[in-house]
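J.: Whatever this is, show me its structure:
(4 chains)
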Protein chains: 2
Amino acid sequence: MFQGVSYSLTQLEYVMAVHRLGHFAKAAEACHVSQPTLSMQIQKLENDLGIVIFDRSKKPILLTEMGKRIIEQAQSILFEAKKFESLIKASRSDRVDGKIVLGVIPTVAPYVLPRLLPVLEKENPEVELEIHELQTQRIIDSLNSDEIDVGLLATPLKINQIHEFPLFYEPFSILCKKGHPLGFLKKVKYSLLNLEDLWLLEEGHCLRHQAMDVCSLRKTKKYKRRYEFESGSLETLKSLVNSYGGYTLLPSLATEVIGANSLLVPFERPTPAREVGLVYRREHYKKHLIEVLGEAIIASIPQDIRALRQKDLDVLSVEEG
Amino acid sequence: MFQGVSYSLTQLEYVMAVHRLGHFAKAAEACHVSQPTLSMQIQKLENDLGIVIFDRSKKPILLTEMGKRIIEQAQSILFEAKKFESLIKASRSDRVDGKIVLGVIPTVAPYVLPRLLPVLEKENPEVELEIHELQTQRIIDSLNSDEIDVGLLATPLKINQIHEFPLFYEPFSILCKKGHPLGFLKKVKYSLLNLEDLWLLEEGHCLRHQAMDVCSLRKTKKYKRRYEFESGSLETLKSLVNSYGGYTLLPSLATEVIGANSLLVPFERPTPAREVGLVYRREHYKKHLIEVLGEAIIASIPQDIRALRQKDLDVLSVEEG
DNA sequence: TAAAAATACTCCATAGGTATTTTAT
DNA sequence: ATAAAATACCTATGGAGTATTTTTA
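T.: Next up, the predicted model:
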């Protein structure tokens, strides 16, 4: 009689990673092991359990019927295991377990965090945050390898097993130097945007792609610049515009303070905007805390932005890095 | 920074066993490993977690404050793990998971099972039973090593972490051969019981000790017999009485059929009786199924026994083997 | 024909064993 | 004095690595 049911938590994590990513090599990377190691362990597990979990004949890899049932219960084990681990970690740092590790994209972090932190401290002192500034792709990877609990970024991403919690819609506007042709307009039309003196963020920022979308640069593929310069920070772009000239695209939370030589010009309707939201792994056991965080962020942003609805805006899609 | 929280399900099982049994060596036995192996693994776990779980300075071994919190969550993991394992096992035998492995003592099995099985089959066909006839001590051991889910035996046992579900109270009566002095009585008084021709079950049966209690044999320690014979089965005792003579103590479910040469004599009030109940590990994840089983057993026994209440009887205690 | 998963092999960490010592009632 | 847990030491399994082959979209 087949008696023993032998398996390890590690093996279950590997299975979940493959399920999440639909790809052995990517799963291996997320688990910080080599692809053969992960493959072997999953084979061993399937062998020990006497059950084929994955149907490798399709790509991306699919679960078998039995695999679906297995994985659900495996998830429950890992869920409890996660709680166990955070209990341990909490005991080490003599803290109750209200800590969330948050990844925030650089075009959101400097504008949301200064608003969020005081609100959170006052309204939800039980929530402790550890914050990392990361670009979208890094946030996705870090979620998958469980290095962060939740990401704050431009959505929608629509990634398998990643849950999204939309928070608000942030409209864009144009910042140009006084005297710039765009500065004489009441409202900006997309078609008026001059490609030559647009300042862009460097590759990897999702806002770069959204800016290119707005300025119809995606179709032409190439774009000419008088000076080759791309920045890692919106603040640098703002200060470039203010001192040197040209224009750039700013999300509204970044327009609170602008230089004395700069002018802010709104778009004509429908205003281009980005959706900002939280993302986390569907099965995350701190779901409640994450929702508390989400509410706090909404509460912390200005009323006029909070009131904006998707249907009144031209919400841009997000290009994955 | 202390990063990794390394532990295995096996280690958690060891911890739970020590907690349950308050004793490293006994825990090791229940887990089918040597005492040093278990000791080492628990030390390693405590070391890896950076937490002292057990306070070894007292006996039986106690949990530390942190240990208490740890094992609660550890229990949740193992609970889910158990469900996972039975999912696997169920898939192997192509069965839904309604199977319970039941240990029954020999003085209950032949009288309860023939009544129970038809009831269960009719009323709860989703419950599948695997039955082992075991003496009390083996049932306790098998519960601890997880070889059975639940025991049906004489209670109360009052064992740490073992939950009891009393089912009914089974009164005793005396069976003697026609012509035996006891046979001329309407009601038996304890004091009238003659020690010389009492037939006893062999050592290991809890009923043996209860019979000795009733006949006040426990105090004298030694008892004289004309013939040295002890049986492993009540049916053998009944047939001995019927053909050879003497008397024995029978629980009422065993008195349905008696030999033609035998006489059944009831006790005077309060009637000595035993409590029969189910026992299982407190944390057992099939608690619901076990309760269903308990109800079915109650439903299957005769109404007159089912109606008896503890306060009207002299319920005997159980001597552990 | 490229990308992805499986196989082949080597290595080492560790869970397990037995024998023994240390520690507590 | 005795039972119980810890320590010492050995063994073997298997999880992880790199290099390579096989598979299949």
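J.: Pull stretch A:195-212 out as PDB, backbone CA atoms only.
T.: What follows is stretch A:195-212 as a C-alpha-only set of coordinates in PDB (Å, rounded to 0.1, in the frame of the first residue of the first chain):
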ATOM      1  CA  LEU A 195       8.200  66.200 -30.400                       C
ATOM      2  CA  GLU A 196      11.400  68.000 -30.400                       C
ATOM      3  CA  ASP A 197      11.600  69.700 -27.000                       C
ATOM      4  CA  LEU A 198       9.800  67.100 -24.900                       C
ATOM      5  CA  TRP A 199      11.800  66.000 -21.900                       C
ATOM      6  CA  LEU A 200      11.400  62.300 -21.100                       C
ATOM      7  CA  LEU A 201      12.200  60.000 -18.200                       C
ATOM      8  CA  GLU A 202      14.700  57.400 -18.900                       C
ATOM      9  CA  GLU A 203      13.800  53.900 -20.000                       C
ATOM     10  CA  GLY A 204      12.100  51.700 -17.400                       C
ATOM     11  CA  HIS A 205       9.700  54.300 -16.100                       C
ATOM     12  CA  CYS A 206       6.100  53.500 -17.100                       C
ATOM     13  CA  LEU A 207       5.400  57.200 -17.200                       C
ATOM     14  CA  ARG A 208       7.900  57.500 -20.100                       C
ATOM     15  CA  HIS A 209       5.800  55.300 -22.200                       C
ATOM     16  CA  GLN A 210       2.600  57.000 -21.200                       C
ATOM     17  CA  ALA A 211       4.200  60.400 -22.100                       C
ATOM     18  CA  MET A 212       5.200  58.900 -25.500                       C
END
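J.: Give me the buried positions along it.
T.: Neighbour-count burial for stretch A:195-212, with 16 or more other CB atoms under 10 Å in any protein chain shown as criterion, is recorded at A:197-201, A:205-212. Just so you know, the C-beta spots here come from the backbone N, C-alpha and C atoms, and that holds for glycine as well.
J.: If we look just around DNA strand D, which residues of the stretch 1-150 of chain A are in range?
T.: Neighbours of DNA strand D within the stretch 1-150 of chain A, by CB under 7 Å from any atom of the strand: A:8, A:10, A:32-34, A:36-37, A:40-41, A:44, A:57-59.
J.: Which one (most neighbours) among the residues you listed?
T.: Counting neighbours by other CB atoms under 10 Å in any protein chain shown, residue A:41 leads those with 21 neighbours.
J.: can I get the residues of the stretch 1-150 of chain A next to DNA strand D in JSON lines with pLDDT?
T.: Converted to JSON lines, those look like this (pLDDT from 0 to 100):
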{"residue": "A:8", "pLDDT": "92"}
{"residue": "A:10", "pLDDT": "91"}
{"residue": "A:32", "pLDDT": "89"}
{"residue": "A:33", "pLDDT": "91"}
{"residue": "A:34", "pLDDT": "89"}
{"residue": "A:36", "pLDDT": "91"}
{"residue": "A:37", "pLDDT": "90"}
{"residue": "A:40", "pLDDT": "90"}
{"residue": "A:41", "pLDDT": "90"}
{"residue": "A:44", "pLDDT": "88"}
{"residue": "A:57", "pLDDT": "76"}
{"residue": "A:58", "pLDDT": "70"}
{"residue": "A:59", "pLDDT": "69"}
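J.: Restricted to strands, list the buried residues of stretch A:195-212.
T.: A:200-201 (DSSP state E).
J.: out of the buried residues of stretch A:195-212, who's nearest residue A:171?
T.: For the buried residues of stretch A:195-212, the residue nearest residue A:171 by CB to CB is residue A:210; the value is 11.8 Å.
J.: now that closest one, nearest residue through space, not along the chain?
T.: residue A:316 (4.7 Å; CB to CB, 6 or more residues apart in numbering or on different chains).
J.: quick one, what contacts that neighbour?
T.: Contacts for residue A:316 (CB atoms under 8 Å, 6 or more residues apart in numbering or on different chains) come out as A:210, A:213-214, A:272-274.
J.: possible to save the residues you listed as JSON lines with distance to residue A:260 and pLDDT?
T.: Listed next are the contacts of residue A:316 as JSON lines, based on distance: CB to CB, whole Å; pLDDT from 0 to 100:
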{"residue": "A:210", "distance to residue A:260": "27", "pLDDT": "89"}
{"residue": "A:213", "distance to residue A:260": "30", "pLDDT": "84"}
{"residue": "A:214", "distance to residue A:260": "26", "pLDDT": "83"}
{"residue": "A:272", "distance to residue A:260": "26", "pLDDT": "93"}
{"residue": "A:273", "distance to residue A:260": "27", "pLDDT": "95"}
{"residue": "A:274", "distance to residue A:260": "27", "pLDDT": "96"}
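J.: Which ones, among the residues you listed, also lie beside DNA strand D?
T.: Among the contacts of residue A:316, no residue sits close to DNA strand D (CB under 7 Å from any atom of the strand).
J.: Closest one of these to residue A:251?
T.: residue A:274 (6.3 Å).
J.: can you tell me which residues contact the residue of the stretch 151-300 of chain A found nearest DNA strand D?
T.: DNA strand D sits closest to residue A:160 of the stretch 151-300 of chain A, with a gap of 17.9 Å, by CB to the nearest atom of the strand. Taking CB under 8 Å, 6+ apart, we find residue A:160 in contact with A:20-22.
J.: do the same with residue A:134
T.: By CB under 8 Å, 6+ apart, residue A:134 lies in contact with A:103-105, A:142, A:148, A:151.
J.: Ok, residue A:42 next?
T.: By CB under 8 Å, 6+ apart, residue A:42 lies in contact with A:11, A:14-15, A:18, A:24, A:53-54.
J.: quick one: buried residues of stretch A:151-162?
T.: In stretch A:151-162, counting by 16+ other CB under 10 Å, buried: A:151-155, A:157, A:159, A:162.
J.: Next: stretch A:297-307.
T.: So for stretch A:297-307, counting by 16+ other CB under 10 Å, buried means A:297, A:300-301, A:305.
J.: so which of these comes closest to residue B:89?
T.: Ranked by distance to residue B:89 (CB to CB), the buried residues of stretch A:297-307 are led by residue A:297 at 46.1 Å.
J.: isn't that closest one right next to residue A:166, touching?
T.: No. In this structure residue A:297 lies outside contact range of residue A:166 using CB atoms under 8 Å: 11.1 Å.
J.: now the residue in the stretch 101-250 of chain A positioned nearest to DNA strand D, nearest residue through space, not along the chain?
T.: Per CB to the nearest atom of the strand, residue A:145 is where the stretch 101-250 of chain A lies closest to DNA strand D, at 13.1 Å. Counting by CB to CB, 6+ apart, residue A:145 lies nearest to residue A:30, which is 4.5 Å off, once chain neighbours are set aside.
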